[in-house]
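J.: Next one to model:
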Amino acid sequence: MTIDWLEGLAAAATLVNVWLLVRASIWNWPWGAIAVVAYAVVFWRSRLWSSMALQLAYYLPMQLVGWWSWSRTGPAGDDDLPVTTLSPRARLAWVAGGAVLALALGGAMARLGAAQSWGDAGVTAASVVGQALMTRKKLEHWACWIVVNVTYAAWLLPRQGLWLSAALYAVLLVLAVRGWRTWAASLGGAHPGDGAGRGPR
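T.: Modelled structure (predicted):
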């Protein structure tokens, strides 16, 4: 098994990104940008085109949106956006929207001959929903990442020979479960955990 240096960089940046996210640190966003760019190249070379497009067309600009949202849309506009949950109706709407996106994208990628079209489209759709909810500190975004991490670690990435990334997503699954529990325990607070993740004043 050979490990490409770029995949290693992408994996390391992603791990730091999610570790900071569990702590609700605003610094997760710059690390996310590094991971996004690196993984875009990794996925392009592996012909996981839905995942590649997701990195560049959605994840990258959303790093800027997330930084702005966390730092400016809280009560004091000073990195104090609280953790909240969706209403039952909103949850249903997000699930339905994700399902429609997965079906549309899977059909398009199948016609283009992309690798693992439907599975790749499914995690792409779940990631789109998760990232959107993450920018607003919605607790439910962790459920999306749990689904994404399981699918990447157990199916998509091993079938493409991306073993380092598959191992990374297994670790991210553990962090996602921890993130869910940490954020749920401090609903309504601006900074889950021990508060050490507060950004610069």
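J.: thinking in terms of the whole chain, how far from its middle is the worst-scoring helix or strand of the chain on mean pLDDT?
T.: Least confident helix or strand, the chain: helix 49-54 with a mean of 79, by mean pLDDT, DSSP states H and E. Mean-position distance between helix 49-54 and its chain equals 13 Å (C-alpha atoms, centre = their mean, to the nearest Å).
J.: Downstream of the longest helix seen in the chain, the next helix or strand is which one?
T.: Assignment by DSSP state H gives helix 88-112 as the longest helix of the chain. For helix 88-112, the following helix or strand on the C-terminal side (DSSP states H and E) is helix 117-135.
J.: got the CA positions of that next one in CSV?
T.: The C-alpha coordinates for helix 117-135 follow below in CSV (Å, rounded to 0.1, in the frame of the first residue of the first chain):
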residue,chain,number,x,y,z
SER,A,117,-22.0,7.2,-8.9
TRP,A,118,-24.9,6.6,-6.5
GLY,A,119,-22.9,6.1,-3.3
ASP,A,120,-20.7,9.1,-4.1
ALA,A,121,-23.8,11.2,-4.8
GLY,A,122,-25.4,10.1,-1.6
VAL,A,123,-22.5,11.2,0.6
THR,A,124,-22.2,14.4,-1.4
ALA,A,125,-25.9,15.2,-0.7
ALA,A,126,-25.5,14.4,3.0
SER,A,127,-22.4,16.6,3.1
VAL,A,128,-24.1,19.5,1.5
VAL,A,129,-26.8,19.4,4.2
GLY,A,130,-24.3,18.8,7.0
GLN,A,131,-22.1,21.7,5.9
ALA,A,132,-25.1,24.1,5.7
LEU,A,133,-26.3,23.2,9.1
MET,A,134,-22.8,23.4,10.5
THR,A,135,-22.4,27.1,9.5
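J.: Fine by me, we can end here.
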